[in-house]
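In: have a look; sequence and predicted model below, questions after that.
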Amino acid sequence: MKVNHLILCATAGLLVFGACDKKDTPTIEEPIVEIPEEGNFIVAALPYRSTIFGGADILYTSSTLDEGTIATENNGLEQDGSNRNYLTANGKFFSFLFGQTGAGAVTVYNFNAQGVLHKLSNFQSETMTARGTVGEDVLMIKNAWEPAQDYSQWYRANTNTMQIVGQGEINTNKLSGNGEMALFTGITQVGDKVFAPFLSMKTGRSFATSYRDSSWIAVYSYPGMQLEKIIRDNRTGFIGSYFGNGLDVDENGDVYVMATSLGADGAARSTKPAGFMKIKKGTTEYDKSYFFDITAASEGHFLFRKLYLGKGNFLLMLSQTFSTYATNPNKFAIVNVNDKSFKWVTGLPAQVVNVSQYSTNYAPLDGKTGYVGITGTSDGTTIISGVYKFDAETATATIGLQFAPTTDLMSANIISSVNWAPIRK
Amino acid sequence: MSSIRIISILLIWGYCSILSAQTTSIVSGIVSDIDNRPIDHVSVHIQELSLVANSNKTGQFSFSNIPSGTYSIQVSKIGYDSQVNVINTATQSDKLHFTLLKDTSQIDEVTIFGFSPTQLANRQAYNITAIDATKLHNTTTDIAHVLDRVPGVRLRESGGVGSDYEFSIHGFSGKRIRFFLDGVPMEHFGPAFQINNIPINLAERIEVYKGVVPIWLGSDVLGGAVNIISGRQWRDYLDVAYSFGSFNTHRSSINAGKTFKNGFTVQLSAFQNYADNNYPVTVDASDIRTGQYFPNSRVKRFHDQYRNETAIVKLGFVDRPWADQLIASFTLGQYYKEIQTGARMVTVYGAWHTRGNMQMPALQYQKKDAFVKGLTIRANANYNFGRDQSIDTVHARYGWMADSIRLRGNGGELQYNHYIYRNNAANASATVTYARDDHFFAFNHVYNHFDRKGFNDIAPHEQQYRIPQKTEKNITALSYQYSPSTKWSTTLFGKYNQQNARTTLLELDPANTGDTLYHSVDFNRSNFGYGLATTYFITSQLQLKASYEKTNRLPESEDLFGDVINKEGNWAIKPERSDNFNLGLDYTLPINANRIFFSGAAIYYHAKNYIYYTFNNIQNRTTAKNLEGVSNMGFESSIRYSYKQTFAAGINLTYQNIRNMQRYIEFGGVRFESKDYKFRLPNIPYLFGHADASLFLKNLFRPADQLTISYNMLYVKDFYLYWADSGRDDSKHVIPQQLAHDLNIVYTLANGRYNVGLEGKNISDQILYDNFSLQKPGRAFYLKLRYFIKN
């Protein structure tokens, strides 16, 4: 999950305030960024027919997400493949090639002074299963898929030089200590550490596991990537989901852990609920007194993804249908982890057919707004596809920047990611 | 000018000779040329009875039930002086023997490609291009590259010698197009024996059927078929060739045969290919440690070696009373192939490779006039118990500078496996044809068996590699052809396909999530197809052809089961069905010593449940899916010109317009209609063509020598990798226009006994791609030496 500059800034501010003496151990430099910064939005979308025949994401830019129509004629940057993973780090926009299992290029863009997206460089990397910003670096993990492969690799890319500056191995067979292999679902910077939750499974081919009612987070030092601890818990099943990060750090520095309890289906389903757990700032243990049961609050829905809005508010994506890989959420709710409130969101099309949940969505972290790409229909004929603005106070969603509504599904554009990057002079 | 020589030798066979007072006789004979070589497809015309027969491969022809009388028998074939012989059935006792002389005042019909309208006229009404492969025996090409020059055909390769390729006819690609060797399906022969490694010297003639395919090429083809005819017309021959050239390419072949007087025959075809394929490419090379790119670096490929060695030994009898051919053969082959890149040039491998072997005994039997006159029986069977492996066990990362980092622990480059498997593939087929007067019946049955057994040598106990994968196919076809005159003929046919398959699906045990359950599944399904092909000669030079077929294609075993490495199986995949329409026109125009041949065809097809490949739901492998429909409206046209036996040239162009026909889609639980659903599919070339010109200079330096200079050009119009209407034009990924020029000079001595050929391929050193970013070799030169004797 992308870590917004505001959080880095806030945490940096607190660290500067709190830490009076500099220690010898190297700390991650927190870039101090002026707020607010001028920037543009980047919406990645592809025509529906690309999902059948193959196609590429197109990157469209806009100065606002609240209104407007995206022009598709001779507009937008074509990617090489349906890159579904994007990341904004250190003022640059990273596009990760996905789906070819082998090595591939990471393309780096930025906005020039005129606000036009242009390619800065590529660098060679693997197909990464997890990625996240840590300081000025982008940390990525290429996961092993089968237990016969002992190690997974991690890579550190420096966002100034746009090169890989460090790499190492993690023995994912031994990580959970239960005989199964680990599959990382996300990377989140917490303080000066890296928290990386993982799923446990016998093999990446099936996601089958004997430990469906447990969760794990590996804690690493940075940049050394020394394993410091594994935070275990049995109140829920898995944290996050395949390609879905489960952690967020709020303004106080506390970590909220979203467990979806998704995994293999059928009788192998986790018996535990989905919900939020909490790790207090500066600790590496759960605050066991805190548990926010989302399965109960949603009356039995399955929790797929989240978007942190700030001030303890989360936009949740849910579904009534179980899915091992958390595909196709179609219901939304606003929850607050402080007062444990739960409100269903209204204002969406009658049928939601696609949500941009595999990659990043945008929230300005003002505590009440979130933007997610949604494709749906109200009458079963006209397809509406656009960026929906969620308001946490009213628990409503309204359409903002959108593609022209169409009755032709094959040409309809499906949004895969909503991002922001600064315009730096 | 022509001269007429009359030679009369009569033989009346068997019981017919005793009954010279009977009312009917058999009139038969043989047609040969000045060297006593049999000439096939000679038109033999009993003028008074308006009966026509054609000489077969051994030059023989036969008429039965001829009433007693005197007849004028005219024997003719384009390119030869025709003859007329008057016979009386009462006095004629021996077999007729006609010797035809080449008509040097007319054009040699058989150009460098051997497009021979006469041969086509005598064939069925199919859209067919026949290639005389003997004209190319001094070139260094393989069968795939020769086929690439045929209108409507597109060969897309991802590299040099032995690279992955996709062969398509009018947009039908992959396993839809079936290949046959002498009528036997080349199914599951394995990578040791594929069209891109078989030298042209193995073939005598190649027939490319586009659209509707005759039923005696028995298989569930969809869109076209290629029949490679390897039999030789000579009794004794030896053809040895060796070539070497750029990128350390060495290719050699031996084709030899001897037929004894008692009919015992021994034949050998052996060939090898070796190439390092280390041609320079322009890539964004990256530093293996930092990932930094150095754009547009010129580097050499370093892990792309390909080699194969294959030999076919045949023993048997020919021209016996009990068999025209009874041949037992054994094919032995092996290959080794390094894999340099993934789907894009940026994905580099330095150790992953495949290897395997082929061990195939086979039996072939053929008898004309078996039991009854006009009844021909052909049968064959083969079994390939070869083994293949994919070895991805080196845990390292390679870069274009041929540098590498070794990574700790076990792993591979793409995944981590050493998959060893045997397909245990067996084929058997039988064809029975019966010809009588204007009627021709044919029956064909093909049986195909596939039983893959494999395991992952790294984890031999892992069940997902060991699950059984079995399919069996039975295809039965029947056709009837009516040819009342030389002016027209029509064929009707029907086909019945049956497939059964069996495998084991792995499931989690509901009682214990740690355990896996094995759930055996199987299916048995069948479908029915039919069609019609007709031809009409508006004049003797203008031929109209039309054909239609409703055809089915059964899923491949890899579509159902996957291949463990890159493809995930889809047990629910359905067979494809297609309605194919073909309309063609051929026109031959002789003007004195010039000959011009025009050919044009229009193709339309609508394929339902079209099988295509897309990423699986976690995007790490591809899987087969059915698309509701795909259509194509295409055209091909070709013009060939030749002047005497001195100069030949041609040009052809193909246009295809492949569109989606899926109208209703289920998305997110809602069924949508797509109003503009007939859009063109991406990443498929839509306009391409060839041009060639050849000069033949005989008796240049010495008598019986010949110098041939030929030029070949390939053109493919640029096309988009993704959708034409998405994204800014300057950001789009394009497969650029291809314009490749090849030049070939061959010098032959002693009427073809000694041959030297020099070839330059891609002489303008263009950067050529068939697939996005995967470059093919630049400029390359090859030298071929060949020795050929025949008797």
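Out: Done, it's in. Fair warning: this is a prediction, and the values are worked out from it, not measured in the lab.
In: just the helices in the chain please.
Out: As the question left the chain open, I've gone with chain A. A:5-18, A:49-53, A:294-297 (DSSP state H).
In: could you do chain B instead?
Out: In chain B, the segments counted as helices under DSSP H are B:14-18, B:117-122, B:143-147, B:463-466, B:557-561.
In: any idea how far the shortest one is from the middle of the chain?
Out: Read that as helix B:463-466. On the basis of CA atoms, centre = their mean, to the nearest Å, helix B:463-466 sits 34 Å off its chain's mean C-alpha point.
In: please apply the same query to stretch A:197-204.
Out: That offset, for stretch A:197-204, works out to 18 Å (CA atoms, centre = their mean).
In: ok, residues contacting it?
Out: Stretch A:197-204 has contacts (CB atoms under 8 Å, 6 or more residues apart in numbering or on different chains) with A:143-147, A:172, A:175-176, A:178, A:180-186, A:207-211, A:214-218, A:238-240, A:242, A:245-247, A:257, A:263, B:514. C-betas here are computed from N, CA, C, even on glycine.
In: where among the helices of chain A is average confidence lowest?
Out: Lowest mean pLDDT of the helices of chain A: helix A:5-18, a mean of 45.
In: quick revisit: from the contacts of stretch A:197-204, list the buried ones, please.
Out: Using 16 or more other CB atoms under 10 Å in any protein chain shown as the burial test, these include A:143-147, A:172, A:175-176, A:180-186, A:207-211, A:214-218, A:238-240, A:242, A:245-247, A:257, A:263 as buried.
In: residue A:281: what's it in contact with?
Out: Contact analysis of residue A:281 by CB under 8 Å, 6+ apart lists A:191, A:252, A:253, A:254, A:255.
In: quick check: ChimeraX command selecting the buried ones in those residues.
Out: A single ChimeraX command selects the buried members of these (16+ other CB under 10 Å):
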select /A:191,253,254,255
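In: what's the burial count for the nearest residue to residue B:276 once chain neighbours are set aside?
Out: Nearest residue to residue B:276, sequence neighbours excluded (CB to CB, 6 or more residues apart in numbering or on different chains): residue B:248, at 4.0 Å. As a burial measure, residue B:248 scores 13 neighbours (other CB atoms under 10 Å in any protein chain shown).
In: residue B:248 against residue B:300, yeah?
Out: No. At 11.3 Å, residue B:248 and residue B:300 do not qualify as touching, with contact defined as CB atoms under 8 Å.
In: intersection of neighbour lists for these two?
Out: Contacts common to residue B:248 and residue B:300, judged by CB under 8 Å, 6+ apart, are residue B:278.
In: in chain B, which residue sits closest to chain A?
Out: Going by CB to the nearest CB, chain A is nearest to residue B:668 of chain B, at 2.7 Å.
In: contacting residues around that residue?
Out: Taking CB under 8 Å, 6+ apart as the criterion, residue B:668 is in contact with A:328, A:330, A:351, A:352, A:353, A:354, A:375, A:376.
In: would CSV of those with neighbour count, distance to chain B and pLDDT be doable?
Out: Formatted as CSV, those follow (neighbours: other CB atoms under 10 Å in any protein chain shown; distance: CB to the nearest CB, whole Å; pLDDT from 0 to 100):
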residue, neighbour count, distance to chain B, pLDDT
A:328, 18, 6, 84
A:330, 21, 7, 89
A:351, 17, 5, 89
A:352, 22, 7, 90
A:353, 24, 3, 87
A:354, 23, 6, 88
A:375, 26, 8, 93
A:376, 22, 8, 92
